[in-house]
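# Got a sequence here, can you model it:
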Amino acid sequence: MSEIKKEGLSKAFVWSHATSVNGGAMAIAATISTYFSLYVQEEIGITAAQLSIILLICSLWDAINDPMMGVICDSCNPRWGRYRTWFTFTPVFLLVDMFLLFSNPGFIQGSATAKCVYVCITYMFYGMIVTAYTMPQMAILPAMTLDDEERNSVVAKGAGVCALMFTIASTFSTQLVEIFGSYRNLMCTYAVFAIISFWVLYKTSEERYVAPKEEGEGGLKQLIYVFRHKEIWPVMLTWCLAAISYGFMFTSSVYYAQYIWAGKRVDFATMDEAAIGATIGGTISTYMGFISVGALISMMILMPIFLKKFKTGYQALIVSQILTILCYVVLFFTGTMNFMYCCVLSFIATAVGAMVNALVNVLVNDTIDFILLKEGKQLNGVVSSVKGFAQKCGNTVVNSGMLAVLALCGFDAQLGPFGQPEMAITGTNIVRFAIPAAVSGIILVIMIFYPLKKYFPAIAEMKAKMAAEHR
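This next block holds a predicted model:
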């Protein structure tokens, strides 16, 4: 793609963009994904069965409302900006909802129905708020600059901040709750930081490249403009598969450490019950430590290098997926030979593989440019929301798919780390390495035949013309 004159994005914009969705808001998301289930069961008194139904309802609605939010974004034309306006008030709603979601009000005491309804409404509201600020945050970047290198740099910085905040929040939440006094105080503090970041993002952003809204072009028509292009479907599949790859990478790791390696490292002849428990805990924490550090290095160090070296997101994905597949295949066949060998190679696999969940954000910019080229319409919000929908479909596969595979293999958590049938152990190895390798293989094939790359010269010409008109 030909060179476009650098737009000169301010440092304030770059870092507020990186720390808005990926800063305080990501710390909230990490804490909720890790500890919310235990919180509502222990503090509010909702059972696991009740919570599973609540999460199913909220997850389905969360996936559905993504495209709705994209249509709303691209249909409205408020005075403060089509995308920027959302940064002013949605993070305030986040603060309010964190106060409510992590409260145990008196009016729900003694009523199981009231508890379920309260948690369902406040958790559903959280998902809607996240959608309402995530879609515009993704859409504002291609509206700010046409330069792919600048876009990639901003995406990479956001990925690094995301990895750092997720690691801090998911690892040290218990200690932070003790410092702040409660989950509610901690989450509200995170929300305040998110408000500051979003307000700075509003102040420093400018919708330089947003086409005027045309009458009668809202609603379903905007989705049709995206979905009627066959080139978009493989990209959507990639967004979904990236979420599956990333989700399996972390969700299966705990099972792998506990049900494969913990059993290998315990010696019943010489260890008492306390030593056995310490060995199991140490095995899990050691293995997950290698995975977490690998993800941090992937997002903060390797991803910027990959984007700088290979220039485009799809080329960076090709290289990362080849390396990931090689590591996973080797680990599938040799991972049980030696624990430290397994930890080190798993660290390498995570370092080259975890960036997939952020690299696909570059494909969002490619898709926005493609739709503008083919349709002559600015659909940043709709494209961003379609990506969100595909990603949440992938998350749903992770949440149910991994457990389904283990169940088919005879896995039973009640049997503990040492009583699993051999087929369940094999199934654990499959969900940890074989399935992610297969998913990476599909992503690799799609990227080799990336359907948008043949339009890059025409897109570069279009953007050069837009830049000249803007000057």
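# before we move on, which element is residue 36 in?
helix 25-39 (DSSP states H and E).
# who's in contact with that helix?
With contact meaning Cβ atoms under 8 Å, 6 or more residues apart in numbering, helix 25-39 is reached by 48, 51, 91, 94, 98, 102, 123, 126, 130, 133, 161-162, 165-166, 168-170, 173, 183, 186-187, 190-191, 193-194, 197. C-beta: built from backbone N, CA, C; applies to glycine.
# Can you tell me which of those are buried?
51, 91, 94, 98, 102, 123, 126, 130, 133, 161-162, 165-166, 169-170, 173, 183, 186-187, 190-191, 193-194, 197 (16 or more other Cβ atoms under 10 Å).
# In strands only, show me those.
Using DSSP state E, no member of the buried ones among the contacts of helix 25-39 sits in strands.
# host element of the residue nearest to the spatial centre of the chain?
Nearest to the geometric centre of the chain sits residue 357, at 6.2 Å (Cα atoms, centre = their mean). For residue 357, the host element (DSSP H and E) is helix 356-375.
# Same check on residue 282?
Per DSSP H and E: helix 273-297 holds residue 282.
# Repeat that for residue 54.
helix 48-75.
# hang on, the earlier thing: could you give the angle of the helix holding residue 282 to helix 356-375?
Counting by axes from the mean of the first three to the mean of the last three Cα atoms, to 10 degrees, helix 273-297 lies at 30 degrees to helix 356-375.
# buried set for helix 273-297?
Within helix 273-297, the residues that qualify as buried are 276, 279-280, 283-284, 287-288, 290-292, 294-297, counting by 16+ other Cβ under 10 Å.
# what about residue 340, how many residues close to it?
9 (other Cβ atoms under 10 Å).
# Relative to residue 284, how far out is it?
Counting by Cβ to Cβ, to the nearest Å, the gap from residue 340 to residue 284 is 15 Å.
# cool, and residue 126?
Distance from residue 126 to residue 284, by Cβ to Cβ: 29 Å.
# Looks like residue 236 contacts residue 390 (just checking).
Yes: when contacts are counted by Cβ atoms under 8 Å, residue 236 is listed as touching residue 390 (4.7 Å).
# Which one's more surrounded, these two?
Between residue 236 and residue 390, counted using other Cβ under 10 Å, residue 390 has the larger neighbour count: 22 against 19.
# List the residues that contact residue 63.
Neighbours of residue 63 in contact, by Cβ under 8 Å, 6+ apart: 389, 392, 393, 396.
# Could you find the closest non-adjacent residue to the second one?
Which is residue 392. residue 63 (4.2 Å; Cβ to Cβ, 6 or more residues apart in numbering).
# check contacts around the closest residue to the residue nearest to the centre of the chain other than its chain neighbours.
Closest residue in space to residue 357, ignoring its immediate chain neighbours: residue 246 at 3.9 Å, by Cβ to Cβ, 6+ apart. By Cβ under 8 Å, 6+ apart, the contact set of residue 246 is 354, 356, 357.
# Relative to residue 237, how far out is the first one?
According to Cβ to Cβ, residue 354 stands 20 Å off from residue 237.
# Equivalent analysis for the last one, please.
As for residue 357, its distance to residue 237 is 15 Å (criterion: Cβ to Cβ).
# so where is the stretch 251-400 of the chain shaky, pLDDT-wise?
Residue ranges of the stretch 251-400 of the chain with pLDDT under 70: 265-269, 399.
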